[in-house]
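# Predicted coordinates and the sequence they were generated for:
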Amino acid sequence: MKEKGRVIVPAAIRARHGWDAGTALVFQEDGAGVRVMSADEALAAFRRSVAGKGGAVEELLAERRAEAARDRNA
């Protein structure tokens, strides 16, 4: 682990997953270990898991989309 929470992902792994240097990664811990994915992959997985559930979920998605857009433009 580097300073400021940065980790080094070997180039071969980045290439296999299509991650460029500097890609924001999400670490998801479960009982079996830790899954690593790009922030875009995590958002897509979340959207699939809540698709069609409506109500507060749609509001949360709208807020997350706005936040992601702000992050991309920062």
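That came through, no problem.
# How about residues contacting the longest helix along the chain?
In the chain, taking DSSP state H as the definition, the longest helix is helix 56-73. Here helix 56-73 makes contact (C-beta atoms under 8 Å, 6 or more residues apart in numbering) with 24, 39, 43, 46-47, 50. Quick note: C-beta positions are derived from backbone N, CA and C, even for glycine.
# at 7 Å instead, please
By C-beta atoms under 7 Å, 6 or more residues apart in numbering, the list of residues contacting helix 56-73 from outside reads 43, 47, 50.
# Which stretches in the chain count as helices?
11-17, 39-50, 56-73.
# Now the last one: buried residues?
Looking back up the chat, that one is helix 56-73. Leu61 (16 or more other C-beta atoms under 10 Å).
# Report the mean confidence score over that helix.
What helix 56-73 shows for mean pLDDT is 86.
# Just the CA coordinates for it, please, in PDB.
Only the C-alpha atoms of helix 56-73 are listed here, as PDB (Å, rounded to 0.1, in the frame of the first residue of the first chain):
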ATOM      1  CA  ALA A  56     -36.200   5.500  -3.100                       C
ATOM      2  CA  VAL A  57     -33.900   3.300  -5.100                       C
ATOM      3  CA  GLU A  58     -34.400   5.500  -8.200                       C
ATOM      4  CA  GLU A  59     -33.700   8.600  -6.100                       C
ATOM      5  CA  LEU A  60     -30.500   7.000  -4.800                       C
ATOM      6  CA  LEU A  61     -29.400   6.100  -8.400                       C
ATOM      7  CA  ALA A  62     -30.100   9.700  -9.500                       C
ATOM      8  CA  GLU A  63     -28.000  11.000  -6.600                       C
ATOM      9  CA  ARG A  64     -25.200   8.600  -7.400                       C
ATOM     10  CA  ARG A  65     -25.200   9.500 -11.100                       C
ATOM     11  CA  ALA A  66     -24.900  13.100 -10.200                       C
ATOM     12  CA  GLU A  67     -22.100  12.400  -7.800                       C
ATOM     13  CA  ALA A  68     -20.300  10.200 -10.400                       C
ATOM     14  CA  ALA A  69     -20.600  13.000 -13.000                       C
ATOM     15  CA  ARG A  70     -19.100  15.500 -10.500                       C
ATOM     16  CA  ASP A  71     -16.200  13.100  -9.800                       C
ATOM     17  CA  ARG A  72     -15.500  12.600 -13.500                       C
ATOM     18  CA  ASN A  73     -15.400  16.400 -14.000                       C
END
